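J.: The following block contains a protein sequence and its predicted model.
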Amino acid sequence: MLWCASIAGNGSGGLSSGVFKTRHRKRRQMQRTKIIDLLGSDTPRRQVLVNGWLRTRRDSKTFSFLEVNDGSCLANLQVVANDTLPNYEELRKLTTGSALAVAGDLVASGGKGQRWEVTASAVDILSVAPETYPLQKKRHSDEYLRSIAHLRPRTNKYGALFRIRADTAWAIHRFFRQRGFRWLHSPIITASDCEGAGELFRVTTLPPGDNGGSDPFSKDFFGARANLTVSGQLAAEMLALALGDVYTFGPTFRAENSNTRRHAAEFWMVEPEMAFCDLSGNMDLGEALIKEMSRFVMEECAADLELFSRFVDPGLKSTLAGTIEKPFVRIPYVEAVTILQRSGQRFSFPVEYGSDLQTEHERYLTEVHFKAPVIVYDYPKQIKPFYMRVNNDGQTVAAMDVLVPVIGEIIGGSQREERLDVLEARMQECNIDPSAYEWYLDSRRYGSVIHSGFGMGFERLLMMLTGVANIRDVIPFPRTPGNIAF
RNA sequence: UCCCCAGUAGCUCAGUCGGUAGAGCAAGUGGCUGUUAACCACUGGGUCCGCGGUUCGAGUCCGUGCUGGGGAGCCA
């Protein structure tokens, strides 16, 4: 430890400002090391540079402990700042949230609770956070943190969450790439309204109050009604019928006035589409995807996930383990109806063939009856959109919903209707004007083949993976009705 | 959009029967300590969400609006 003491001593009082400036310049040329790499080190290291933000400070008689976080991982780095540092008096006044550059040696920690710490040879104060800094060294409510969404990524929980979000997005790309899927960039601005997907956000360049006269769209940018996409499915079908297996992964917009903890106006959706694939293969892919993402966070986001299993949902790990190990239950819609009718449960909404399953019904199936993810398939055609393939019974379509406990529907998908005549008949039944879908119908005119796909809500997946109960807390800057402040 | 709940110090909350406001944490000051949600003492800190009403008197009761949360519907 002698060499530590001597280095600390070099930074002491008698240093002229010229020498200090030289040292400062030198320090700025040092390569920055991220805290995640330091804490994972096998050996001590001389003269490392750490940039980060102060989480908390504990003062001792002749030195201060500075807990520094740089966002590279959940854990803080403990920095020991001796009173021999030239700016020690300033360091003792440092507040939570201040930005620092620390130069020093990585040494085995003399205290309990951490393996490594840095003995500072110099601490540059990059920026002081005044005492009005809204984040305190204590637990804050999720509701309060939503009101300071621009600062909440600096907390342990939201830092962990947004690391998991980024890593999971990457893992989704890896999952599909390993299976030979190509990523498709489906348009954000579209003219098509994916039937039944909800209300649309209009996109226009017309000034407010200008309705464009007799033809409302003739003066508009595209010369046609335009809106933000509610689904990349139709585009994905076209690419699947060319490249085989594709997926979209991008933002999706719904102008629905939904006020629940699992709906947002702007969210991300993963939509795989596979040529030569039936409903059964579709279910296989959905199940594999959810299992793989569960395994991914358990194994590859372990440190961050630990926070959620400790403070957010104590049952998280066993739930995820069950999701990974047990096969998903697969039952036709009729069987789900029978189970619900025979359950003896009193539901607010009656269970009857031909009406859609209510939230309370889905939760009974996943949380009470099966206690596991459940895939319900073959729904009555009258409650599903025109593009789903009509089964041989003529009454049901090859649709499937993956339901998981607490979250409810996480995946909705189907085998697509590939027969031109049946598709046109269904459009007529659903009162859809085929003229807007001529390009879509072309895919059934030329080399039509069976194909299937689904949409998975990325935020709902994150909720399932972390146990976070509100979708507003898995999106950095969530958009919900009346809420776009950040 | 409908139903229910809440709004009091920077944060989390208590506030009895209607009688002029409290705690913990945070902040500031000082002390102690290889500490780790550090600890101890002291100090400062309030448009009781807004508006209107009832009352001698309203944080408390009534009406209304706003904001937030939960549930439902729509869906991913």
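T.: Looks like it arrived, so ask away. Given the structure is predicted, the values throughout are model-derived calculations rather than measurements.
J.: quick one: the strands in the stretch 301-450 of chain A?
T.: Applying DSSP state E, counting those that start in this stretch to the stretch 301-450 of chain A gives strands spanning A:329-332, A:374-380, A:396-404, A:408-415.
J.: hmm, the strand or helix carrying residue A:455 touching RNA strand B?
T.: Secondary-structure element containing residue A:455, defined by DSSP states H and E: strand A:451-457. Yes - for strand A:451-457 and RNA strand B, the contact criterion (C-beta under 7 Å from any atom of the strand) is met by A:455-457. C-betas here are computed from N, CA, C, even on glycine.
J.: Could you do stretch A:170-188 as well?
T.: No - remark: stretch A:170-188 sits outside contact range of RNA strand B, by C-beta under 7 Å from any atom of the strand, the gap being at least 13.8 Å.
J.: next one: stretch A:43-61
T.: Yes - counting by C-beta under 7 Å from any atom of the strand, RNA strand B is contacted by stretch A:43-61 at A:56, A:58-61.
J.: May I ask which of the residues you listed has the most neighbours?
T.: Of all these, the most densely surrounded is residue A:56 (15 neighbours; neighbours counted as other C-beta atoms under 10 Å).
J.: of the residues of strand A:451-457 next to RNA strand B, closest to residue A:364?
T.: Lowest distance from residue A:364 to the residues of strand A:451-457 next to RNA strand B (C-beta to C-beta) belongs to residue A:457, with 21.2 Å.
J.: Quick check: beta-bridge partners of that closest one?
T.: On the basis of DSSP bridges, residue A:457 takes part in beta bridges with residue A:269.
J.: follow-up on the earlier one: can you convert the residues of strand A:451-457 next to RNA strand B into TSV and add a column each for neighbour count?
T.: Below are those laid out as TSV (neighbours: other C-beta atoms under 10 Å):
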residue	neighbour count
A:455	23
A:456	24
A:457	23
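J.: Those residues into JSON lines, with extra columns for pLDDT?
T.: Conversion of those to JSON lines gives the following (pLDDT from 0 to 100):
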{"residue": "A:455", "pLDDT": "97"}
{"residue": "A:456", "pLDDT": "97"}
{"residue": "A:457", "pLDDT": "96"}
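J.: do you know how far residue A:316 is from residue A:462?
T.: When distances are taken as C-beta to C-beta, to the nearest Å, residue A:316 and residue A:462 turn out to be 12 Å apart.
J.: same thing with residue A:227?
T.: Noted for residue A:227: a distance of 26 Å to residue A:462, by C-beta to C-beta.
J.: With residue A:254 instead?
T.: Note on residue A:254: its distance to residue A:462, by C-beta to C-beta, is 18 Å.
J.: try residue A:109
T.: If you go by C-beta to C-beta, the gap between residue A:109 and residue A:462 works out to 34 Å.
J.: Then residue A:311?
T.: Applying C-beta to C-beta, one obtains 16 Å for the distance of residue A:311 from residue A:462.
J.: Have a look at residue A:109 and residue A:462 and say which one is more surrounded.
T.: Neighbours around residue A:109 and residue A:462, counted as other C-beta under 10 Å, are more numerous at residue A:462. The numbers are 24 against 15.
J.: In stretch A:170-189, which of the residues would be classed as buried?
T.: Applying a neighbour-count criterion of 16 or more other C-beta atoms under 10 Å, the buried positions in stretch A:170-189 are A:171-172, A:175-176, A:181, A:184, A:186.
J.: just checking, which of those residues belong to helices?
T.: Secondary-structure check on the buried residues of stretch A:170-189 using DSSP state H: residues within helices are A:171-172, A:175-176.
J.: so which of those residues comes closest to RNA strand B?
T.: The nearest member of those to RNA strand B, counting by C-beta to the nearest atom of the strand, is residue A:172 at 13.8 Å.
J.: which residues does the closest residue to RNA strand B within chain A contact?
T.: Relative to RNA strand B, the nearest point of chain A is residue A:111 (2.1 Å; C-beta to the nearest atom of the strand). Taking C-beta atoms under 8 Å, 6 or more residues apart in numbering, we find residue A:111 in contact with A:78, A:117.
J.: and what of residue A:266?
T.: For residue A:266, the contacting residues are A:251-253, A:475, A:478-479, taking C-beta under 8 Å, 6+ apart as the criterion.
J.: if you compare the strands of the stretch 301-450 of chain A, which one is most tucked away?
T.: Neighbour counts averaged per stretch over these are highest for strand A:396-404, at a mean of 25; criterion: mean count of other C-beta atoms under 10 Å.
J.: Packing partners of it?
T.: With contacts defined as 3 or more C-beta pairs under 8 Å, 6 or more residues apart in numbering; DSSP states H and E, strand A:396-404 has these neighbours: helix A:279-300, strand A:374-380, strand A:408-415, strand A:451-457.
J.: Adjacent strands (with direction) for the second one?
T.: Partner strands for strand A:374-380, per DSSP bridges, with pairing direction: strand A:329-332 (parallel), strand A:396-404 (antiparallel).
J.: Please convert those to a markdown table, extending it with distance to RNA strand B and mean pLDDT.
T.: Putting the strands paired with strand A:374-380 into a markdown table (distance: least, C-beta to the nearest atom of the strand, whole Å; pLDDT from 0 to 100) gives the following:
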| stretch | distance to RNA strand B | mean pLDDT |
| --- | --- | --- |
| strand A:329-332 | 17 | 96 |
| strand A:396-404 | 7 | 96 |
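J.: Can I get those in a markdown table including distance to residue A:370?
T.: Written out in a markdown table, the entries for the strands paired with strand A:374-380 read as follows (distance: least, C-beta to C-beta, whole Å):
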| stretch | distance to residue A:370 |
| --- | --- |
| strand A:329-332 | 5 |
| strand A:396-404 | 9 |
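J.: mind checking which of the ones you listed is nearest residue A:218?
T.: Using C-beta to C-beta as the criterion, the shortest distance between residue A:218 and the strands paired with strand A:374-380 is 38.0 Å, found for strand A:396-404.
J.: any idea how far that closest one is from the chain center?
T.: The gap between the average C-alpha position of strand A:396-404 and the chain average comes to 23 Å, counting by C-alpha atoms, centre = their mean, to the nearest Å.
J.: now stretch A:90-105
T.: So, by C-alpha atoms, centre = their mean, the centroid of stretch A:90-105 is 32 Å from its chain's centroid.
J.: now do stretch A:449-469
T.: With C-alpha atoms, centre = their mean, you get 10 Å for stretch A:449-469.
J.: now stretch A:255-264
T.: A distance of 16 Å separates the C-alpha centroid of stretch A:255-264 from that of its chain, computed with C-alpha atoms, centre = their mean.
J.: Start and end of it, how far apart?
T.: 9 Å (C-alpha to C-alpha, to the nearest Å).
J.: Give me the buried positions along that stretch.
T.: Neighbour counts using 16+ other C-beta under 10 Å place A:262-264 of stretch A:255-264 among the buried residues.
J.: Same question for stretch A:138-147.
T.: Counting neighbours by 16+ other C-beta under 10 Å, one finds that the buried residues in stretch A:138-147 are A:140, A:145-146.
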